[in-house]
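Novice: Take a look and give me a structure for this.
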Amino acid sequence: MTAHRNLKRRVRARAAKTGESYLAALRHFRTTPTGDAMPEQPQTTLRIAVAQSTVRDDPTDADGLRASAAQVRRLMTDAAAAGARLVHFTEGAICFPSKYVLSELGPDEVGPADWSRADWAVLDDELRRIVALAGELAIWTVIAAVHRAPGSERPHNSLYVVSDQGAVAARYDERTLSNTKLTYMYTPGSRPVTFDVDGYRFGLALGMDAHFPELFTEYERLDVDGVLVSYETGGVPGRETVATEVRGYAAANSYWVGLAVPAEAGAPFAGVIGPRGEWSAACPADGVPAIAVTDVHRDDTVGPLARDWRRRTRGRIGV
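Specialist: As a prediction, this is how the structure comes out:
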């Protein structure tokens with residue numbers, strides 16, 4: 001961590017001396033993924049990373065929670081070293097609480113979740129450490145965590161957006177909960193959330209949201225450049241179709257999509273999908289924790305024209 005503090009100090013010193021922005025100064029100290037020097041040019045792209053990581057499902061297992069969070073921090077460090085300005089993690093990156101482990105009727109029957117069983121002290125501490133590291137690395141971080149809402153018996157299943165200054169900038173709560181999540185575990189969210197990084201705007205989707213195209217059309221209307229989707233596959237057969245679904249959303253809305261899933265052999269790829277529906281970068285399909293890194297850009301020859309045409313057509317046909 002000392003090395004990263006020294007990097008930030010050097011970057012800020014150059015920015016103060018030259019009058020450059022922090023990002024412009026940073027380009028003099030980082031390299032491209034191939035090891036070449038960062039090119040001197042106005043910023044027209046944004047480098048992002050999507051991670052696949054180990055997902056554990058026991059929120060009472062303090063050692064397991066710490067191990068998951070330590071892996072998240074390692075992948076954050078890898079993303080920063082690759083020059084990424086943003087890194088995005090899967091649903092359950094710290095823990096994807098099991099409906100059986102928390103069930104009042106468990107461990108063999110699903111029932112109302114007893115959230116007092118969760119080790120909240122460890123969960124909160126590890127989240128704080130992730131937030132602090134985002135500031136040390138100067139990297140925006142999108143991380144899934146359970147959020148306890150004041151006055152509510154049930155928490156939200158959430159995505160936290162942590163700024164490169166080490167502060168929580170936004171929070172998105174999963175809206176389209178599964179039957180089990182809605183009946184026994186969580187309080188649903190109610191609104192879309194967007195945030196901006198270096199002039200690029202992103203929307204957020206979590207869990208079952210990935211199966212609802214209308215949410216992705218909504219983000220198109222909010223003028224996002226991309227949507228970051230965090231999805232826990234749960235090992236259930238058929239859920240691999242999520243990769244096909246989100247590729248369709250990317251192409252249908254002419255924007256980028258980041259898909260973060262667990263590091264499981266045979267699971268849908270984690271990676272970044274371009275605005276034509278093609279994979280721009282993908283993690284290996286071998287179940288090993290890793291990141292995929294790519295440069296997001298605006299396709300001025302297709303994106304705006306396609307969006308404008310769709311909007312005019314929707315208005316004409318009343319949808």
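Novice: List of residues touching the helix ranked longest in the chain?
Specialist: Among the segments of the chain that qualify as a helix by DSSP state H, the longest is helix 62-81. Identification of contacts with helix 62-81 by CB atoms under 8 Å, 6 or more residues apart in numbering yields 4, 49, 51, 53-56, 58-59, 87, 89, 93-95, 119, 122-123, 126-127, 129-130, 133-134, 137-139, 141, 143, 289-291, 293. C-betas here are computed from N, CA, C, even on glycine.
Novice: Just grab the bridge partners of the residue most central in space within the chain for me.
Specialist: Within the chain, one residue has its C-alpha closest to the average C-alpha position: by CA atoms, centre = their mean, that is His88, at 3.2 Å. When bridges are taken as DSSP bridges, the partners of His88 come out as Val50, Val142.
Novice: Can you verify my assumption that it contacts Ala49?
Specialist: Yes: in this structure, His88 sits in contact with Ala49. The criterion is CB atoms under 8 Å, and the distance is 7.0 Å.
Novice: which non-adjacent residue is nearest Leu177?
Specialist: The spatially closest residue to Leu177, leaving aside those adjacent along the chain, is Pro188, at 5.0 Å (CB to CB, 6 or more residues apart in numbering).
Novice: Now for the one you found, how many residues are close by?
Specialist: 15 (other CB atoms under 10 Å).
Novice: what domains does the record give for this structure?
Specialist: 1-31, 45-317 (automatic domain parsing).
Novice: Kindly reformat those domains as CSV containing mean pLDDT.
Specialist: Converted to CSV, the domains of the chain look like this (pLDDT from 0 to 100):
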stretch, mean pLDDT
domain 1-31, 57
domain 45-317, 93
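Novice: which of these sits most buried?
Specialist: domain 45-317 (a mean of 19; mean count of other CB atoms under 10 Å).
Novice: could you pull out the helices for the stretch 201-319 of the chain?
Specialist: 213-221, 241-253, 303-317 (DSSP state H, counting those that start in this stretch).
Novice: Could you export the last one as CSV, CA atoms only?
Specialist: Taking C-alpha atoms only, helix 303-317 is exported to CSV below (Å, rounded to 0.1, in the frame of the first residue of the first chain):
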residue,chain,number,x,y,z
GLY,A,303,-24.3,4.9,-31.1
PRO,A,304,-26.0,8.3,-31.2
LEU,A,305,-27.7,7.7,-34.5
ALA,A,306,-29.1,4.4,-33.4
ARG,A,307,-30.3,5.8,-30.1
ASP,A,308,-31.9,8.8,-31.8
TRP,A,309,-33.7,6.5,-34.3
ARG,A,310,-35.0,4.2,-31.6
ARG,A,311,-36.3,7.1,-29.5
ARG,A,312,-38.1,8.7,-32.4
THR,A,313,-39.6,5.3,-33.4
ARG,A,314,-40.8,4.5,-29.9
GLY,A,315,-42.4,7.9,-29.7
ARG,A,316,-44.1,7.3,-33.1
ILE,A,317,-45.5,3.9,-32.1
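Novice: Show me how far it is from its chain's centre.
Specialist: Here the centre of helix 303-317 is set off from its chain's centre by 28 Å, with CA atoms, centre = their mean, to the nearest Å.
Novice: now do the first one
Specialist: Averaged C-alpha coordinates place helix 213-221 at 17 Å from its chain's average position (CA atoms, centre = their mean).
Novice: other SSEs contacting that helix?
Specialist: Counting contacts by 3 or more CB pairs under 8 Å, 6 or more residues apart in numbering; DSSP states H and E, the secondary-structure elements packed against helix 213-221 are strand 200-206, helix 241-253, helix 303-317.
Novice: Format those as JSON lines; extra columns: distance to Gly83.
Specialist: Converted to JSON lines, the helices and strands packed on helix 213-221 look like this (distance: least, CB to CB, whole Å):
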{"stretch": "strand 200-206", "distance to Gly83": "15"}
{"stretch": "helix 241-253", "distance to Gly83": "23"}
{"stretch": "helix 303-317", "distance to Gly83": "24"}
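Novice: which ones are touching Cys283?
Specialist: Applying CB under 8 Å, 6+ apart, the residues contacting Cys283 are 50-52, 263, 269-271, 290-292.
Novice: how long is stretch 183-190 from one end to the other?
Specialist: Counting by CA to CA, to the nearest Å, the length from the leading to the trailing residue of stretch 183-190 is 17 Å.
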